[in-house]
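Q: Need a 3D model of the sequence below.
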Amino acid sequence: MASTIVAPAERALAGRPLQQLFEDLKSVSIAVVGDFCLDVYWSIDPAAREPSVETGLPTWPVAAQRVALGGAGTIVNNLVALGVGRVDVHGVVGDDLWGREMLRLLAAAGVGAAGVLTEPTDWATLVYVKPCLGEEEMNRLDFGNFNRLSDDAAERLLAGLEASLARYDAVIVNQQVRQGVHTPALRERLLGLIRRNPSKIFIVDSRHHSDAYPGATLKLNAHEAVRRIGIERPLEQPVPRADAARAAEELHEWTLRQPVVITRGARGCLVRDQAGLHEIPGLRIPGPLDPVGAGDALLAGLGAALAAGRDPLTAATLGNFAAAVTVRKRLTTGTASAAEIIALSAEAEFVYRPELADDPSLARLLPGTEIELVGEPRPALRPRFALFDHDGTLSVLREGWETVMESMMVRAILGQESEGSDAADDALRRRALERVREYIDHSAGIQTLVQMRELAAMVREFGCVAPARILDAFGYKRLYNDLLMEPVSARLEKLRRGERAAEDFTIKNAIPFLGRLKAAGVRLFLASGTDEADVRQEARELGYEPFFDGIFGAVGDVAREAKLIALDRIVAELGGETPGAWVTFGDGPLEMRETHKRGGFAIGVASDELRRYGTAADKRARLIRAGADLIIPDYAQSDRLLEILNLA
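A: Okay, the predicted model is just below:
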């Protein structure tokens with residue numbers, strides 16, 4: 001089995017390369033052949049219900065109707081949204097109302113529909129009517145379940161494709177339904193077309209016939225992929241990465257060494273091509289999601305980039321971005337535009353090694369230690385710079401901040417002045433609590449002002465507080481700081497009175513470890529989302545301020561994230577990307593993610609802040625997902641840690 005390529009796949013498209021790709025798409029020509037459908041959304045308003053005069057049964061009043069291309073039409077819409085220069089379609093519609101609507105929508109999208117056949121008999125346009133009551137989709141009404149495509153129609157459909165094949169840079173093959181165009185006759189003729197044109201790019205996404213087209217690039221989901229190699233997995237259970245990787249290898253051989261792309265939902269996708277096995281991480285996407293159409297968006301991005309001459313890894317990365325954009329669009333089969341993808345790529349938060357994060361039994365520990373090796377070893381590692389986060393990484397003066405913030409945020413959302421007041425509906429309280437916990441887990445490490453800006457947005461979204469009473473980010477920050485500083489001030493007072501020592505408020509062996517790094521010639525920087533004045537004061541009182549060449553904290557400006565400023569300064573002083581020359585220590589996702597993006601070595605400190613030693617399972621999981629290369633619980637085993645850094 002080929003080894004996985006470990007270079008960060010997310011860096012295959014960034015900045016100028018992505019913009020140039022969208023420029024190149026303007027001259028690309030793509031054909032889409034397959035099952036063209038319509039998605040019809042009926043918005044039901046029960047306020048106008050009345051008994052039917054004929055039956056006496058209550059009606060379902062339709063307040064609004066929306067019709068959109070579905071199936072292969074979704075791929076077409078996404079290709080158009082991506083800016084592909086020419087898109088032609090080859091499919092079949094019925095001689096009916098919906099068929100005429102299909103042709104109207106294709107014309108409105110500006111695509112070539114000369115290859116669409118209108119069949120007068122034995123064929124109804126494929127339509128899915130989706131009544132929606134509020135945000136809930138009700139039982140669907142389907143048209144076309146009894147279609148039968150004649151061999152003659154299949155012959156005419158493929159003849160039209162073959163006649164215009166020379167003008168296309170790629171052909172995307174969609175198979176959506178069993179009663180669609182992919183009859184045995186069409187599959188045989190299409191396979192012959194693929195074999196006669198080995199230099200032409202054919203990309204196949206087939207729900208029921210993925211075994212029909214060897215010689216074509218294959219895109220399929222993980223459950224479909226493992227089923228092809230004899231492994232059955234329940235749809236509600238994720239497919240283990242090892243099984244998906246095995247399927248990628250076997251299918252790559254079956255496709256005559258054409259690329260294979262296996263999608264894994266929120267866990268990203270695997271790409272097997274001539275260069276080896278690539279892994280594209282999933283993207284963290286907050287808020288309610290709608291996965292309908294995500295696979296088609298990925299397929300469109302994949303096909304468009306391949307047609308523009310990009311390699312399979314780059315092409316699948318574009319598809320991954322496109323899918324991430326569409327899942328945010330609820331109750332619609334969304335598309336992803338170039339502008340939306342560029343915006344997402346600039347702020348993308350990738351999710352790394354989810355299986356490892358979820359299962360501590362998979363951890364690879366350095367023998368005789370609690371140090372977990374997450375990424376691949378870097379023999380050139382020998383840092384000249386080290387960036388440290390503060391709270392939870394060195395200091396535990398703010399231990400318990402998550403609990404304080406959670407309680408304060410939930411009360412603010414529900415409009416409660418204090419604990420236990422104005423009892424809210426249990427379901428509402430539970431929804432607010434889940435939202436707050438998810439956000440705190442994700443945002444740990446960023447400056448407090450940004451967190452409070454998001455709180456203000458959540459307060460407006462939930463609607464429990466009158467607009468005039470909603471505070472701005474600075475107002476909520478004052479409330480939070482007042483609550484948090486009560487225990488912090490009490491701890492500092494004990495330190496000043498000599499009732500506690502610095503070791504009582506720092507992660508085990510942190511201060512001696514800083515001294516050893518400094519003695520080894522490593523330049524140290526400290527950065528925190530806490531206000532800079534507070535960070536400096538606490539570092540001074542805990543005794544490690546002199547170790548640092550620079551201390552960065554929040555300055556009341558959401559546009560100035562202290563950790564990003566510190567990271568960019570280190571990279572600038574190194575004169576560009578120098579692998580192994582710098583390292584970050586932190587217990588929050590932000591510093592792990594941004595270090596990973598910039599090519600540094602990310603050490604996650606999964607500290608148990610209450611005990612000050614040992615691993616906190618929740619921290620370990622979120623640090624691995626954010627891109628940590630190494631996980632340590634504390635600095636107790638500093639000798640081995642220095643060996644890893646080649647500083648012993």
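
Q: shaky segments in the stretch 201-350 of the chain?
A: 287-291, 330-333 (pLDDT under 70).

Q: Which parts of the stretch 51-200 of the chain are strands?
A: 62-71, 86-94, 112-119, 126-133, 136-137, 141-143, 170-175 (DSSP state E, counting those that start in this stretch).

Q: repeat for the stretch 201-350 of the chain
A: Going by DSSP E, counting those that start in this stretch, the stretch 201-350 of the chain shows strands at 201-206, 217-221, 260-263, 269-273, 276-280, 282-283, 350-351.

Q: Against P379, how distant is A648?
A: 15 Å (CB to CB, to the nearest Å). All C-beta atoms are positioned from the backbone trio N, CA, C, and that covers glycine.

Q: and among the strands of the stretch 51-200 of the chain, the most buried is which?
A: strand 170-175 (a mean of 26; mean count of other CB atoms under 10 Å).

Q: Give me the distance between the two termini of stretch 336-353.
A: 26 Å (CA to CA, to the nearest Å).

Q: Buried residues in that stretch, which are they?
A: 336-338, 340-341, 344-345, 348-353 (16 or more other CB atoms under 10 Å).

Q: For G550, which residues are in contact?
A: F525, L526, A566, R569 (CB atoms under 8 Å, 6 or more residues apart in numbering).

Q: Name the member of these with the most neighbours.
A: L526 (27 neighbours; other CB atoms under 10 Å).

Q: Tell me which helix or strand that residue sits in.
A: In this assignment (DSSP states H and E), L526 forms part of strand 523-531.

Q: Name the next helix or strand following that strand along the chain.
A: Taking DSSP H and E, what comes next after strand 523-531 is helix 532-542.

Q: ok and that next one relative to strand 523-531, angle-wise?
A: 120 degrees (axes from the mean of the first three to the mean of the last three CA atoms, to 10 degrees).

Q: Give me the helices and strands touching helix 532-542, please.
A: helix 473-496, strand 523-531, strand 548-554 (3 or more CB pairs under 8 Å, 6 or more residues apart in numbering; DSSP states H and E).

Q: Distance check, the closest residue to A363 other than its chain neighbours against V396.
A: Excluding its sequence neighbours, the residue lying closest to A363 (CB to CB, 6 or more residues apart in numbering) is E372, at 4.8 Å. Remark: distance between E372 and V396 (CB to CB) = 21 Å.

Q: okay, now the domains of this structure?
A: 4-35+69-125+144-346, 354-396+506-644, 401-496 (automatic domain parsing).

Q: Contacts only, for the spatially closest residue to D391 that is not a sequence neighbour.
A: Among residues not flanking D391 along the chain, R398 sits closest, at 4.6 Å (CB to CB, 6+ apart). Applying CB under 8 Å, 6+ apart to R398 gives the contacts D391, G392, L484, V488, T530.

Q: picking that back up, between A648 and P379, who's got more neighbours?
A: Counted by other CB under 10 Å, A648 and P379 do not tie: A648 has more neighbours, with 12 against 7.

Q: in the stretch 1-150 of the chain, which segments are predicted with low confidence?
A: Using pLDDT under 70, the stretch 1-150 of the chain drops low at 1-15.

Q: returning to that earlier point: distance check, the residue nearest to D391 against L517.
A: R398 is 23 Å from L517, by CB to CB.

Q: ditto for F146
A: 73 Å.

Q: Report the beta-bridge partners for the residue most central in space within the chain.
A: Residue closest to the mean C-alpha point of the chain, counted by CA atoms, centre = their mean, is L283 at 1.3 Å. Using DSSP bridges, the bridge partners assigned to L283 are F350.

Q: can you pull the contacts of it?
A: Taking CB under 8 Å, 6+ apart, one finds A266, G268, N320, F321, A324, L344, A348, E349, F350, V351 in contact with L283.

Q: ok, and the closest non-adjacent residue to L428?
A: L414 (7.1 Å).

Q: Give me the phi and psi angles of the one you found.
A: phi -90, psi 0 (degrees, to the nearest 10).

Q: cool, and G368?
A: Backbone torsions for G368, taken as degrees, to the nearest 10, come to phi 80, psi 10.

Q: Can you get me a residue count around it?
A: Neighbour tally, G368, other CB under 10 Å: 8.

Q: in which helix or strand would I find the closest residue to it other than its chain neighbours?
A: Counting by CB to CB, 6+ apart, R640 is the residue found nearest to G368 once chain neighbours are left out, at 7.8 Å. In this assignment (DSSP H and E), R640 forms part of helix 638-644.

Q: packing partners for that helix?
A: Packed next to helix 638-644, using 3+ CB pairs under 8 Å, 6+ apart, are helix 510-519.

Q: orientation of the helix it packs on relative to helix 532-542 in degrees?
A: Using the same axes, to 10 degrees: helix 510-519 against helix 532-542 is 100 degrees.

Q: Against which helices or strands is helix 510-519 packed?
A: Judged by 3+ CB pairs under 8 Å, 6+ apart, the packing partners of helix 510-519 are strand 523-531, helix 638-644.

Q: what about dumping the CA coordinates of that helix to CSV?
A: What follows is helix 510-519 as a C-alpha-only set of coordinates in CSV (Å, rounded to 0.1, in the frame of the first residue of the first chain):
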residue,chain,number,x,y,z
ALA,A,510,6.9,24.9,33.3
ILE,A,511,9.3,27.5,34.8
PRO,A,512,12.4,25.3,34.8
PHE,A,513,11.6,24.2,31.2
LEU,A,514,11.5,27.8,30.1
GLY,A,515,15.0,28.3,31.6
ARG,A,516,16.4,25.2,29.8
LEU,A,517,15.0,26.5,26.5
LYS,A,518,16.5,29.9,27.1
ALA,A,519,19.9,28.3,28.0
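
Q: what does that helix rub up against?
A: 386, 388, 393-394, 502-503, 524, 542-544, 547, 634-635, 638, 641-642, 647.

Q: for the stretch 351-500 of the chain, which spans come out with low pLDDT?
A: For the stretch 351-500 of the chain, counting by pLDDT under 70, the residues that fall below are 417-424.

Q: where do the helices sit along it?
A: 354-358, 401-414, 426-443, 448-462, 473-496 (DSSP state H, counting those that start in this stretch).

Q: Now distance to W60 and mean neighbour count too, for these, in TSV please.
A: Listed next are these as TSV, based on distance: least, CB to CB, whole Å; neighbours: other CB atoms under 10 Å:
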stretch	distance to W60	mean neighbour count
helix 354-358	41	17
helix 401-414	34	19
helix 426-443	26	15
helix 448-462	29	18
helix 473-496	43	15
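
Q: Nearest to A48, out of those?
A: For those, distance to A48 was read as CB to CB. The smallest value, 27.5 Å, belongs to helix 426-443.

Q: okay, the angle between that closest one and helix 401-414?
A: 140 degrees.

Q: For A316, which of the helices of the stretch 351-500 of the chain is the nearest?
A: helix 354-358 (17.7 Å).

Q: and that closest one, what does it pack onto?
A: Against helix 354-358 (3+ CB pairs under 8 Å, 6+ apart) you get helix 617-625.

Q: I'd like the average pLDDT over the helix it packs on.
A: In this model, helix 617-625 has a mean pLDDT of 95.

Q: next one: stretch 120-127 to chain centre, how far?
A: In terms of CA atoms, centre = their mean, to the nearest Å, the gap separating the centre of stretch 120-127 from the centre of its chain is 38 Å.

Q: what sits up against that stretch?
A: Residues from elsewhere that reach stretch 120-127, judged by CB under 8 Å, 6+ apart: 35-38, 40, 70-71, 92-96, 98-99, 101-102, 142-144, 146-150, 153, 176-177, 179-180.
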